[in-house]
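# need coordinates for the following:
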Amino acid sequence: MAHCIPMAKQSGLDPLGDELRSARSAKPCVLIIFGATGDLTKRKLVPSLMGLSKDGLLPAGFAVVGFARRPWTDKSFREVLSEGVETFGRSDTSEHFEQHRDAFSYHQSDFSDEAGYASLREKLDQIDAARGTAGNRIFYLATPPSAYSNILENLARAGLSEEDNNRFARVIVEKPFGRDLSTATALNNQVNKAFHERQVFRIDHYLGKETVQNILALRFANGIFEPLWNEKFVDHVQITVAESIGVGSRGAYFEESGVIRDMIQNHLMQVMTLVAMEPPAAMTADAVRDEKVKVLKAIRTFEPEQVERDTVRAQYTGGSFGGEDVNGYKQEEGVPQESVTETYAAVKLQIDNWRWSRTPFFLRSAKRMPRRVTEVAIQFKQPPHMLYGGATTQPNMLLLRIQPDEGVALRFGAKVPGPDMRIRDVRMDFRYGTAFGGETADAYERLLLDAMLGDGTLFARADEVEEAWRIVDSIIAGWKQSSNPPAGYVAGTWGPKLGEDLLGDGRTWRRP
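Down below sits the predicted model:
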């Protein structure tokens, strides 16, 4: 991947810039953000752009146009963005916003107003002439999915989605990518009416996290792990995304998604494919994504009886959390008393291919767990013969911490000093902050830079999205047919006993 290629430090640049330095330079372009008055723009997108500026990674010709319905001006738009960079940006990025302040402008229009796109085209032509952006466009859909249709149709009608050898046009689509297979397929068809697949960048910010990217480096840049990365040596894999918060005021939204749609279909399955994929022929976008899709295709659609056996769903109930009494899910705002929406989901996946045929993958995500953590735990099989009378307390484990405290740890047995042969677990621990120092760039920085470079490696492809929905749809269908309601788990615990039972064979979930 382009952003993983190190280059020599340049005088005056933050050392973090070396993490993102690319052998290719991003071409001049204009980023047009639809829904620019929303939180995503001021909290993530513009602070991330200023992080790229700090690291010397923004092209010289660059501009941002905010497109939204509110009656804002260039001045009011810039003031909101300045506050966002000050509050949410990396250190010392506010001065970079001041340097780029004139590059930000606002375009007021309704998403369905065809005239607004015609005037946008005129504005972009003016920016090209004034700022040298060379006709290159990146359209960012930071809106609810319900607005996509109008935006995509009008971009195509205005000729803004067209590109040629001298200029590019790309679109970045935020998740959710549909809410089931049929809506995801319809969305993909809709997007592809306006843009070719090579122009489309479906963004999942988890793929921009340092440790997620490091899964590929860990596997394919080292000779010690990949020979063990298969069913002969790996007992099972656990992937956990735990959140300590409840749904709060988002109860009505969460009722429509549940944790399986909100987290497992995208974040967890994306991570799983990186852990399970075969080595790609090259580190190019399509070569990597081809291998990820093969993993998903190797997972069979769930039958109803398999859903009962290999999945668990539950809702949190009221309890004490952080020294305070908290509501159960059904007491949250916007949640009906008859709700069967899961706030906890655990799924056992079997990948039917040569590498993983007897190694289960367990995916777990939930609200109101004891702490916020995302990790991948790869547990190895026990030695075939225990020379020390079973003295090794736990199996070896390779732990990939995605958040917080990004890093990698390896657990193994070592002899305790003394005359007796006693074995105790010890851990080798690598942490990004300690090893490399400085701030870690936000995931959006890497993804925005890749979109400018035209590198789709860390973005989801249409077939990848649809294969993930195929699996999740079959689980949801099984739950709808089931006569068993969701189990309960007390807020602040690691989930129901059924979740532990799912692992079987004496296995247990890791307690981060």
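
# helices of the stretch 251-400 of the chain, residue ranges please.
Taking DSSP state H, counting those that start in this stretch, the helices of the stretch 251-400 of the chain run over residues 251-259, 269-276, 285-297, 304-310.

# what's the least confident stretch among the ones you listed?
Across the helices of the stretch 251-400 of the chain, helix 251-259 has the smallest mean pLDDT, namely a mean of 88.

# tell me how many other residues crowd residue 430.
Look at residue 430: counted by other CB atoms under 10 Å, it has 14 neighbours. C-beta here means a position set from N, CA and C on the backbone, and glycine is covered the same way.

# ok so, going back, mind checking which of the helices of the stretch 251-400 of the chain is nearest residue 56?
Shortest distance between residue 56 and those, using CB to CB, is found for helix 285-297: 24.1 Å.

# can you list the low-confidence ranges for the chain?
By pLDDT under 70, the weakly predicted segments of the chain are 1-24, 385-393, 421, 433, 436-440.

# tell me the residue in it that is farthest from the middle.
Farthest-out residue of the chain from its mean C-alpha position, per CA atoms, centre = their mean: residue 419, at 49.6 Å.

# which SS state does it fall under?
Counting by DSSP: H, G, I helix; E, B strand; the rest coil, the backbone at residue 419 sits in coil.

# what sits closest to the residue nearest the centre of the chain if chain neighbours are left out?
The centroid of the chain falls nearest to residue 206 when counting by CA atoms, centre = their mean (2.1 Å). Once flanking residues are discounted, residue 206 sits nearest to residue 267: 4.5 Å by CB to CB, 6 or more residues apart in numbering.

# ok so, going back, angles on the backbone of the residue nearest to the centre of the chain, please.
Residue 206 has phi and psi values of phi -60, psi -30 when expressed as degrees, to the nearest 10.

# the one 5 residues further on now?
In this entry, residue 211 is assigned phi and psi values of phi -70, psi -30 (degrees, to the nearest 10).

# please enumerate the strands of the stretch 101-250 of the chain.
Assigned strands in the stretch 101-250 of the chain, in chain order: 104-108, 137-141, 169-174, 200-203, 234-242 (criterion: DSSP state E, counting those that start in this stretch).

# just the buried residues of the longest helix anywhere in the chain, please?
In the chain, ranked by residue count with DSSP state H as the criterion, the top helix is helix 462-481. Within helix 462-481, the residues that qualify as buried are 462-479, counting by 16 or more other CB atoms under 10 Å.

# and if you look at stretch 273-283?
By 16+ other CB under 10 Å, the buried positions in stretch 273-283 come out as 273, 274, 275, 276, 277, 280, 283.

# go on, stretch 194-202?
When burial is assessed from 16+ other CB under 10 Å, stretch 194-202 yields the following buried residues: 194, 195, 199, 200, 201, 202.

# measure it end to end?
For stretch 194-202, the separation between the terminal residues is 15 Å (CA to CA, to the nearest Å).

# also stretch 326-346?
Distance across stretch 326-346, first residue to last, is 23 Å (CA to CA).

# starting at the chain centroid, how far to that stretch?
In terms of CA atoms, centre = their mean, to the nearest Å, the centre of stretch 326-346 is found 24 Å from the chain centre.

# and residue 39, how far from residue 142?
Remark: distance between residue 39 and residue 142 (CB to CB, to the nearest Å) = 9 Å.

# likewise residue 374?
Using CB to CB, which is the criterion applied here, residue 374 is 23 Å from residue 142.

# residue 180 too?
From residue 180 over to residue 142 the distance is 23 Å, taken as CB to CB.

# what about the two, which has more around it?
Set side by side, residue 180 and residue 142 show unequal neighbour counts under other CB under 10 Å, the larger going to residue 142 at 23 against 16.
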